[in-house]
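Trainee: return atomic coordinates for the entry below.
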Amino acid sequence: MVPDQEDITAVDSRLDALLGALGPLSTINSVAQKVLQLLARDFGPNEPLKTIIKLDPVLTAAVLSTAAANSLEATTIEQAWQVLPAGEIISSVLTTAVHSIDIQPHSSDLSQFDRTELWRHSLAVALISRAVAEQLSVEATAGTGSSAIEQIASTELAYSAGLLHDLGTLALSASMPKSLERAWELARTSGSDLLDAERQIFDFDHTALGRRLAQNLHLPSVFSKCIWLHHHSCGTWPEQLSKESVVPVVIFANTLACELSLGKSGNLDFPSTACELAEQIGLSPDFLAKLSQNIPEELDEANRVLGFDESPQPGQYIQALAQIVSNIAKVHAQLNKVQVELSEAEDISQRFAEITRQAARKLDRKILDAELAQVATGAAHELNNPLAVIAGRSQILAQQETDPKKKEALKLIEQQARQASDIASELLATVQPPTPKPQPTHLEPIIRKLCAALAGKAQATNSKVICELPSDLPPAFIDPDMFEKSLLEILKNALTALGSQPGSIHITCRLNELQEKLLLEVADSGIGMEAAVARNAFVPFFSSLPAGRGRGLGLSRAKAFIEANQGRLWLRSRPGEGTTVWMALPLAKEG
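Mentor: A predicted model of the protein is given here:
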């Protein structure tokens, strides 16, 4: 049964919060390595790169989403290749590949979920969908097939729809593999429908999550419908959807791929068999037999192209990224020599500069962080030593000076020297947070203490601090001192955002069993932030306040402290609507 609009709206409100916590989609290591190696050899939209993108659901979603963001219509990679500027394609693909790099070994307590099998399943459904669309189009042209199939714009549309049909599962496999495995195991052992098992574990299923994700990525609506309905049997959706002839094609392709064990999607129970569905959409038994024989061979070739059988090496990532950065520098040099179409050249240069920054940030992140911390440590020591001497000497001279003006000047020198020393120390704490000492920590006493301290300041402007905490919150596994300092910075920013006008700061905390986290939320009714300000809220020394009102280190230090404790900190803000900051913290393990 297809959910009604009220059910969809209720689920979507929960999914939006979840998608904010999931972060961007990531592909698998072998594909990321292929992309980086191709761009290292030929930094541009080349044919081998297009082939990789067309075989990968995450890269396909990224490119089609980029086209939509530029108000360009594209339902296939071929179309996107024609309408998107080269810089947009490279930026989208490179950003996704760099984000997907995982060069750190998995710890023993992490799931060993094999995402490759999900990719194989998505590819199989795409290949089957394209073959079926081609066959039905031929029959329709000959006047022997269903007229409904004429509404398919192209066989490549059916291919893209099949490739993206499990977008929700792909997202869950990257962010919550343990919980996804539990849902699959529940479906297998209980014999229940996969969607029912997922709802028991997640309170939603992967079709609802994928549909919402596709909408947030602004993918064409036909993809959202295929993602939402690919587990339904033909004829069980509203009449207006029956005209979407690509939907039954994807349903059939998904069923056949599972029956042939082409990859894994977790589903073991279908409302109809592939034979029954083939008959409903007008496919002959002979074609079904031929399809079942040919698709596995096509899938094996696609797997070879994507390097599924290869073992990615961290060193190859770094070498490829280093070459890409070098290629970008060469592109910059060439652009400097080109004087025609200056505005377009400047736009491409800016795009490549952004790619350079993104690649540099991801190029062995731990090494870069260590080098930055080393620079900051050296700078802090080199600055603090002479600053301490200046402050000390100024203090002694001020005590000895009898001239009031000179005495005041010496005190100012001492004050500024100590302030400069404090800035250096705060920067050091941001880029190289102290080693946390995590322990089971009950958050409620700390939160209520800070709320009480903040309430007095809020009363000065008739503002309210509302603290709503459940009494049964389990302890978090964090460094209590680092948590308190981080929350204090967030609350101080919230109070500043209220300004002189009456407002409110609302603090809540709840258990997210799905991700095994405590989710703390601080929402203020202040002035909110423009998009550009919100994007830079955690950047050190960035501040929207007038000069002298803030150093711009508070939120960046809070983020560094929380991430050092294996947590996550993010925010959402709009002008005139206030700001909401979320903090996800690990739970203390029982026993």
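
Trainee: ok, and what's touching stretch 164-171?
Mentor: Applying CB atoms under 8 Å, 6 or more residues apart in numbering, the contact partners of stretch 164-171 are 19, 22, 25, 57-58, 60-61, 115, 118, 121-122, 125, 180, 205-211, 213-214, 219, 223, 226-227, 230, 250, 253-254, 265-266. In short, each C-beta sits where N, CA and C put it, glycine included.

Trainee: no, scratch that, I was asking about stretch 467-485
Mentor: With CB under 8 Å, 6+ apart, stretch 467-485 has contacts from 433-434, 436-444, 446-448, 450-451, 506-511, 518, 557-558, 561-562, 564-567, 585-589.

Trainee: which of those fall within strands?
Mentor: Secondary structure from DSSP state E places 439, 440, 441, 506, 507, 508, 509, 510, 511, 518, 585, 586 of those in strands.

Trainee: who wins for most neighbours among these?
Mentor: Among the ones in strands among the contacts of stretch 467-485, residue 585 has the most neighbours (other CB atoms under 10 Å), with 26 neighbours.

Trainee: that one and residue 516 touch, don't they?
Mentor: No. Using CB atoms under 8 Å, residue 585 makes no contact with residue 516, being 10.3 Å away.

Trainee: isn't residue 59 right up against residue 50?
Mentor: No. Look at residue 59 against residue 50 with CB under 8 Å: they stay out of range, at 10.1 Å.

Trainee: the two: which has the busier surroundings?
Mentor: The residue with more neighbours, out of residue 59 and residue 50, is residue 59; 25 against 18, by other CB under 10 Å.

Trainee: now the more buried one, what's its secondary structure?
Mentor: helix (DSSP: H, G, I helix; E, B strand; the rest coil).

Trainee: end to end on stretch 497-507, go ahead and measure it.
Mentor: 15 Å (CA to CA, to the nearest Å).

Trainee: what sits up against it?
Mentor: Outside stretch 497-507, the residues that touch it by CB under 8 Å, 6+ apart are 447, 451, 454, 458, 461-469, 491, 494-495, 520-528, 578-579.

Trainee: of the residues you listed, which count as buried by neighbour count?
Mentor: Buried members of the contacts of stretch 497-507, scored by 16 or more other CB atoms under 10 Å, are 447, 451, 454, 458, 463, 465, 467, 469, 491, 494-495, 520, 522-528, 578-579.

Trainee: among these, which lie within helices?
Mentor: 447, 451, 454, 458, 491, 494, 495 (DSSP state H).

Trainee: flag whichever of those residues scores worst on pLDDT.
Mentor: Across the set of those, residue 458 stands lowest in pLDDT, at 84.

Trainee: residues contacting that residue?
Mentor: 464, 465, 495, 498, 505.

Trainee: and the ones in helices among the buried ones among the contacts of stretch 497-507 as TSV, adding distance to residue 285?
Mentor: Below are these laid out as TSV (distance: CB to CB, whole Å):
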residue	distance to residue 285
447	66
451	70
454	72
458	74
491	68
494	66
495	72
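
Trainee: of those residues, which is the nearest to residue 158?
Mentor: Nearest to residue 158 out of these is residue 494 (CB to CB; 49.7 Å).

Trainee: what sits opposite the nearest residue to the closest one once chain neighbours are set aside in the beta ladder?
Mentor: Setting aside the residues directly before and after it, residue 494 is nearest to residue 524 in space (CB to CB, 6 or more residues apart in numbering), at 4.0 Å. Residue 524 forms beta bridges with residue 505, residue 579, as assigned by DSSP bridges.

Trainee: who is residue 587 paired with across the strands?
Mentor: Per DSSP bridges, the residues bridged to residue 587 are residue 476.

Trainee: ok, now how distant is it from residue 566?
Mentor: Using CB to CB, to the nearest Å, residue 587 is found at 11 Å from residue 566.

Trainee: neighbour-wise, which of these two wins?
Mentor: residue 587 (18 against 14).

Trainee: ok, the more buried one touching residue 518?
Mentor: Yes. Counting by CB under 8 Å, residue 587 touches residue 518, with 6.4 Å between them.

Trainee: what residues are shared contacts of the two?
Mentor: With CB under 8 Å, 6+ apart, residue 587 and residue 518 have common neighbours 474, 476, 511.

Trainee: nearest spatial neighbour of residue 210, skipping sequence neighbours?
Mentor: Among residues not flanking residue 210 along the chain, residue 168 sits closest, at 2.7 Å (CB to CB, 6+ apart).

Trainee: my bad, residue 192
Mentor: Once flanking residues are discounted, residue 192 sits nearest to residue 186: 7.0 Å by CB to CB, 6+ apart.

Trainee: tell me the contacts of the one you found?
Mentor: By CB under 8 Å, 6+ apart, the contact list for residue 186 reads 192, 197, 200, 201.

Trainee: a helix runs through the last one, doesn't it?
Mentor: Yes. Read with three-state DSSP, residue 201 is one of the residues of a helix.

Trainee: would you quantify the distance from it to residue 454?
Mentor: Distance from residue 201 to residue 454, by CB to CB: 38 Å.

Trainee: the first one too?
Mentor: Taking CB to CB as the criterion, residue 192 is separated from residue 454 by 48 Å.

Trainee: where exactly do the helices run in the stretch 101-250 of the chain?
Mentor: Along the stretch 101-250 of the chain, the stretches classed as helices by DSSP state H, counting those that start in this stretch are 115-141, 155-163, 167-175, 177-190, 194-202, 206-216, 221-229, 246-259.

Trainee: pull the helix or strand with minimum mean pLDDT from the chain.
Mentor: Least confident element among the helices and strands of the chain, by mean pLDDT, DSSP states H and E: helix 342-362 (a mean of 52).

Trainee: still on that earlier bit, okay, the helices of the stretch 101-250 of the chain in a markdown table with mean pLDDT and distance to residue 66 next?
Mentor: Shown next, in a markdown table, are the helices of the stretch 101-250 of the chain (pLDDT from 0 to 100; distance: least, CB to CB, whole Å):
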| stretch | mean pLDDT | distance to residue 66 |
| --- | --- | --- |
| helix 115-141 | 86 | 20 |
| helix 155-163 | 91 | 14 |
| helix 167-175 | 85 | 16 |
| helix 177-190 | 85 | 27 |
| helix 194-202 | 85 | 29 |
| helix 206-216 | 89 | 14 |
| helix 221-229 | 89 | 15 |
| helix 246-259 | 90 | 22 |
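
Trainee: between the ones you listed, which gets nearest to residue 400?
Mentor: helix 167-175 (63.9 Å).

Trainee: and that closest one with helix 194-202, angle?
Mentor: For helix 167-175 against helix 194-202, the angle by axes from the mean of the first three to the mean of the last three CA atoms, to 10 degrees is 40 degrees.

Trainee: could I have the CA atoms of helix 167-175 written out in PDB?
Mentor: What follows is helix 167-175, C-alpha atoms only, in PDB (Å, rounded to 0.1, in the frame of the first residue of the first chain):
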ATOM      1  CA  LEU A 167      19.700   5.600  -3.000                       C
ATOM      2  CA  GLY A 168      18.300   5.300   0.500                       C
ATOM      3  CA  THR A 169      20.100   2.000   1.200                       C
ATOM      4  CA  LEU A 170      23.300   3.500  -0.200                       C
ATOM      5  CA  ALA A 171      23.100   6.400   2.300                       C
ATOM      6  CA  LEU A 172      22.400   4.000   5.200                       C
ATOM      7  CA  SER A 173      25.200   1.700   4.200                       C
ATOM      8  CA  ALA A 174      27.800   4.500   4.600                       C
ATOM      9  CA  SER A 175      26.400   6.100   7.800                       C
END
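
Trainee: and the angle for it with helix 206-216?
Mentor: 100 degrees.

Trainee: show me what the helix or strand where residue 95 lies is packed up against.
Mentor: Assessed by DSSP states H and E, residue 95 sits inside helix 86-100. For helix 86-100, the packing partners by 3 or more CB pairs under 8 Å, 6 or more residues apart in numbering; DSSP states H and E come out as helix 29-41, helix 57-69, helix 342-362.

Trainee: correct me if wrong: residue 438 contacts residue 562.
Mentor: No. Look at residue 438 against residue 562 with CB under 8 Å: they stay out of range, at 11.6 Å.

Trainee: those two: who's more crowded?
Mentor: Under the neighbour definition other CB under 10 Å, residue 438 and residue 562 were set side by side, and residue 562 has more, 26 against 18.
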